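Participant: Structure for this input, please:
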Amino acid sequence: MKKFEEIKFSIPELKGISQKTNEEHLKLYSGYVKHANLILEHIDDLSEDTEKNTYEIAELQRRFGFEFDGMRNHEYYFHGFEGGSKEIDDDSELKKAIEEEWGSFEDWINRFKSIAKTRGVGWAILYYDPHSKRLLNAWIDEQHLGHLTGLSPILALDMWEHSFVADYQPSGKGKYIDDFFENLNWSVIERNYTDARIV
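Facilitator: Residues are numbered from 1 along each chain as shown. This next block holds a predicted model:
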């Protein structure tokens, strides 16, 4: 069976987010890759007798969405830090699209940060919709509940407590969100946008 491969990210020193937090966070990502593979292997084994194992296969398939999306969400998150902090260019096609959708880049940032402060664990994600050719924001519960079908993630902000509590405490969620954007390499996010438009 073809396996998903764990990516080794090159993440520089980040403002506010400690190396220790990133090390622990990357271990969680590694677990998502491992368990996505294990679930598919187990489904293959059980599928030798689908009638007998229907219930277990169904429950494992349900669990697969959590593990797979946990893997992919983290890949978008960690890739966004690679190469070091870089602001978005004024002539960026992504910035122009954001301004067209929300009026100004600052208005979008404020709206996105508000979404990221949603109570509970999950993700704030900026998507590109190839059907309507527009950008959309979304809140994802846990790793998988609420993903928008057929859309490509452009930017993913992890709002599970493990991503910030050790460095910021629970009350520091807003500061973590601010620092996330200061650490972001917008050239990576721009590339995600370009790739999504080609598909």
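Participant: Can you give me the pLDDT of the most centrally placed residue in the chain?
Facilitator: By C-alpha atoms, centre = their mean, the chain has its centre lying nearest to N73, at 2.8 Å. The per-residue pLDDT reported for N73 equals 98.
Participant: can you give me the strands in this protein?
Facilitator: 122-129, 134-141, 152-158 (DSSP state E).
Participant: ok, the closest residue to F164 other than its chain neighbours to D141 distance?
Facilitator: In space, and not counting its chain neighbours, F164 is closest to Y176: 3.8 Å by C-beta to C-beta, 6 or more residues apart in numbering. Yep, even glycine has a C-beta here, placed from its N, CA and C like the rest. Per C-beta to C-beta, to the nearest Å, Y176 is found 19 Å from D141.
Participant: isn't W102 right next to I109, touching?
Facilitator: No. Between W102 and I109 there is no contact under C-beta atoms under 8 Å: 9.0 Å.
Participant: Run through this protein and note the low-pLDDT ranges.
Facilitator: Low-confidence regions of the chain, defined by pLDDT under 70, span residues 199.
Participant: which residue ranges form the helices in it?
Facilitator: Ranges of helices in the chain, per DSSP state H, are 19-46, 54-79, 93-102, 105-116, 165-168, 173-183, 186-198.
Participant: Relative to R134, which of those is closest?
Facilitator: Across the helices of the chain, R134 has its closest neighbour in helix 93-102 (6.0 Å, C-beta to C-beta).
Participant: Show me what that closest one is packed up against.
Facilitator: Applying 3 or more C-beta pairs under 8 Å, 6 or more residues apart in numbering; DSSP states H and E, we find helix 93-102 packed against helix 105-116, strand 134-141, helix 186-198.
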